[in-house]
Every structure is written in C-alpha cells, then in structure tokens.
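**Q** model this:
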Amino acid sequence: MSGHTAETDEALASAGEISGLTAEQQGRVDRARAYAQELQETVFKEIAEAERRRIGQLPLGMVPGLAAGMDARDLSVMSRLYVGSVNFELSEELVARAFSEFGQVRSVSMAKDAGSGRHKGFGFVEYYVPEAAMLAMETMNGTMLGGRQLKIGRPNGYDAAVARGFPKPPRERIYVANVNGDVSQDALREIFAAFGNVTKCLLAKDRQGWGFIEYEQAQAAEQAAAAMNGLALANVLLRVRACVVGGPLGEPKSKVVVLYNVVERSQVDDELPSDMAEEGLKCGRITKVVVHLAEESDQDLQSQVCVFLLYAEEEAADKAVRLFDGRWFGGRKISASLFDMDRFLFLTSTDTMVFVP
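**A** Numbering: from 1, shown residues only. I've put the predicted structure just below:
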C-alpha cells in the first residue's frame with residue numbers, strides 16, 4: 001500500500017484516454033481507479049491517523065514535525081534507516097539496543113527467511129524523530145557490530161518524502177540523545193546553559209534520555225553541539241547534533257502527572273494512592289489519584305506500576321513534576337513527567353484503585 005503516490009493517481013487518471021481498449025479492459029481500469037481512490041480516502045487516512053496516535057503516546061511536545069502538520073508517513077520515512085550486514089545471531093532486541101543510544105527506537109524489522117525463520121542480515125530501524133536516524137547513520141555506518149561491518153542507508157521513498165517538504169528547524173535548536181537516566185531535565189538544562197541562555201529544554205526517558213534544547217542565540221546552539229557531542233556525562237557518551245525538522249517545541253502542558261518506579265507490583269496496597277496524594281497536594285489541588293498496573297500492550301509506560309495525579313490546574317502539574325522527578329521514595333528513585341490527558345483517560349477507564357482527595 002505504501003506504493004501509492006501522486007504519480008499513481010495521474011497514471012490511473014490518464015489510463016482512460018488510452019485508445020484501443022476493449023470494454024472489459026476499460027472496466028478494469030475504471031475499477032482500479034475507483035479502488036485507488038477508495039484506498040486514498042480510507043486505508044491511507046487510517047494509517048496516517050494510527051501513526052499520529054502512536055506518536056501521541058510519547059511525552060508531550062516531543063515530535064515538533066507532527067505538531068507543525070507534517071504528514072505522519074513522511075515523518076516515519078525520514079525517521080527510518082536501512083541496516084545491512086547484520087550478524088545473523090543478533091536478535092531484533094539486540095539491534096534495538098545497539099541503536100537506542102541515538103534516540104528512542106520505535107521498531108526494528110529484520111527481513112526473515114521463510115524456511116528457517118532467521119533474519120537475512122538486513123532490515124530497518126525506525127525512530128520517533130528524524131534527528132535520531134540522522135545521528136545513527138552518521139555514527140554507525142561502517143562500524144563493527146557482532147563481528148560484521150554495518151551498512152547503513154536510507155529506505156526507498158526517503159528522497160520523495162524530503163521533496164514533499166517539511167518544516168525547517170530553527171538554528172537555535174539542537175537534538176540531544178543518550179542522556180544518562182539519572183540526569184533530570186532541569187540538570188540537563190543547567191549543563192547546557194554553559195553555552196548560552198536556554199529558552200526551552202525537553203527530555204524524554206527511554207533506555208536513555210533524549211530530547212531537544214533551544215537557545216536564545218544560534219551561535220550558542222552550534223557551540224553546544226560541537227562541544228558536547230561524544231562527551232561523557234555521568235559515564236555515558238552524549239549524542240548531539242543540529243535538528244533536522246522544525247515545528248512547535250513548546251513546554252508540554254497537561255493537568256496529568258505520571259509517576260514511575262514508585263513501588264514494585266507486589267508492593268501495591270490500598271494506601272498508596274492516598275500517600276501520593278498527601279505529598280502531591282503540596283503543589284496544588286488534586287482531583288483524582290489513580291494507580292495503574294501496566295499491561296503488556298502498554299509499551300509507552302516505563303514501569304509496571306504507574307501512579308497518575310490529576311490536578312485541577314496545569315501550573316500545579318508543572319510544580320508536581322519538579323517536586324517528584326528524581327526524588328527518592330522507599331529506597332526507589334521516582335521518575336515524573338506530564339502525561340497526555342486523552343491517553344490517561346483511556347488507560348485508567350477501568351482502574352479501580354482510585355483516590356479522590
């Protein structure tokens with residue numbers, strides 16, 4: 001289905017003008033044209049909407065290209081890489097781990113042999129943002145992995161996706177990946193402020209953190225990218241580069257805060273929601289606290305037990321993130337971030353461990 005293009009429409013539209021067609025052949029052309037139009041109006045729109053929903057599960061504000069109205073399919077192609085000469089013994093999970101230092105890996109799809117079920121040594125790695133793909137290609141092409149020299153390239157359709165256009169990135173913005181999980185967003189902002197006034201800093205957590213930093217001056221961004229790329233921060237090598245795609249990069253806004261790594265699944269008790277509410281009320285009025293036990297399908301959640309705090313005001317939620325993120329609770333370090341309201345309502349619609357202060 002991904003082969004549908006404007007050229008396809010044009011070819012189908014002009015096919016009816018070909019002379020010498022029998023009535024049966026003309027009927028086939030008409031049916032093909034109608035089917036292509038139906039795909040354009042239904043299936044392809046559903047694919048695009050599915051892409052938006054999946055990307056929407058990321059921390060808020062992390063996909064500026066999509067926020068600018070960029071076609072989700074073009075964004076997907078620009079965020080994807082062809083990976084060849086992969087050791088046959090390496091699993092898709094190991095490939096994902098190897099490439100995760102450049103950003104959050106959305107999927108790894110290796111070509112499989114129908115007979116043995118083993119992969120053929122090549123496939124595709126897709127990220128959530130094009131900057132991660134660019135960093136990976138710049139760094140991994142020609143490197144050794146599992147005793148074989150990797151071959152990294154762009155997938156079919158990349159040039160066409162670029163040609164259709166995308167929002168140009170501001171020179172003041174840089175992309176940062178492979179941030180040690182113990183480094184908070186505020187700490188990252190402070191570190192990069194050494195190069196100039198930081199106006200925006202967004203950090204998402206996966207295996208390692210990744211996100212965007214925007215400066216007041218373009219020169220500061222250029223200096224930061226040159227100086228910090230490859231620098232060890234908390235014993236992890238940072239990956240930094242200029243941005244590829246532009247779009248809105250505002251501070252995320254939501255009334256929902258999610259707390260990760262609060263307790264183990266076996267430690268959940270009836271007092272947990274009220275305990276979290278007691279602390280969270282220091283930041284503002286809470287309308288609901290929900291303890292959610294993650295299911296296998298909840299791939300965007302970072303721990304098996306998630307505590308959601310629903311605040312009455314966005315400002316209170318912002319304060320709560322700063323209060324909880326990086327804080328220790330019962331010997332565990334909590335991770336806190338804002339969470340999409342629609343996703344929260346969907347995830348917790350059947351949860352019963354609910355506390356209303």
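**Q** Just the pLDDT for Gln57.
**A** Note for Gln57: predicted pLDDT of 49.
**Q** ignore the last one, Tyr35
**A** On pLDDT, Tyr35 comes in at 66.
**Q** ok, now Glu7?
**A** pLDDT at Glu7 comes out at 41.
**Q** can you check the one 3 residues further on too?
**A** Turning to Glu10, the model gives it a pLDDT of 41.
**Q** What of Arg327?
**A** At Arg327, pLDDT is 88.
**Q** does it really touch Ala320, like I thought?
**A** No: between Arg327 and Ala320 there is no contact under CB atoms under 8 Å: 10.7 Å. Every residue, glycine included, has its C-beta placed from N, CA and C.
**Q** Overlap of the contact sets of these two?
**A** Ala336 (CB atoms under 8 Å, 6 or more residues apart in numbering).
**Q** quick one: which of the two has more around it?
**A** Ala320 (26 against 14; other CB atoms under 10 Å).
**Q** Okay, and the more buried one sits in which element?
**A** helix 314-324 (DSSP states H and E).
**Q** Leu310 now?
**A** Under the criterion of DSSP H and E, Leu310 resides in strand 305-311.
**Q** can you pull the buried residues of that strand?
**A** 305-311 (16 or more other CB atoms under 10 Å).
**Q** Among the residues you listed, which one lies nearest to Ala132?
**A** Checking the buried residues of strand 305-311 against Ala132 with CB to CB, the nearest one is Cys306 at 25.0 Å.
**Q** What does the pLDDT read for that closest one?
**A** 94.
**Q** So for the residue nearest the centre of the chain, what's the pLDDT?
**A** Central residue of the chain (CA atoms, centre = their mean): Tyr128, 3.6 Å from the mean position. In this model, Tyr128 is scored at 91, pLDDT.
**Q** do Ala317 as well
**A** As summarised for this prediction, Ala317 has a pLDDT of 93.
**Q** residues contacting the closest residue to it other than its chain neighbours?
**A** Nearest residue to Ala317, sequence neighbours excluded (CB to CB, 6 or more residues apart in numbering): Tyr311, at 4.4 Å. Tyr311 makes contacts with 255-257, 280, 283-287, 317, 320, as judged by CB under 8 Å, 6+ apart.
**Q** if we take these, which one ends up nearest to Met144?
**A** Taking CB to CB as the measure, Val257 is the one of these closest to Met144, at 42.9 Å.
**Q** Wait, that closest one touches Ala320, no?
**A** Yes: at 4.7 Å, Val257 counts as touching Ala320 under the criterion of CB under 8 Å.
**Q** shared neighbours of these two, which are they?
**A** Going by CB under 8 Å, 6+ apart, residues that sit against Val257 and also against Ala320 are 280, 309, 311, 336.
**Q** Can you lay out those residues as CSV showing pLDDT and distance to Leu135?
**A** What follows is the shared contacts of Val257 and Ala320, written out as CSV (pLDDT from 0 to 100; distance: CB to CB, whole Å):
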residue, pLDDT, distance to Leu135
Gly280, 95, 37
Leu309, 97, 34
Tyr311, 96, 36
Ala336, 89, 27
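**Q** Distance to Gly209 for the residues you listed - can I get that in CSV?
**A** Output for the shared contacts of Val257 and Ala320, formatted as CSV (distance: CB to CB, whole Å):
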residue, distance to Gly209
Gly280, 23
Leu309, 22
Tyr311, 24
Ala336, 14
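**Q** from those, which two are the most distant?
**A** Tyr311 and Ala336 (12.3 Å).
**Q** which residues are common contacts for those two?
**A** 257, 320.
**Q** those strands in the stretch 201-350 of the chain, which residues are they?
**A** Secondary structure of the stretch 201-350 of the chain by DSSP state E, counting those that start in this stretch: the strands cover 209-215, 232-233, 236-237, 239-242, 256-260, 286-293, 305-311, 328-329, 332-333, 335-339.
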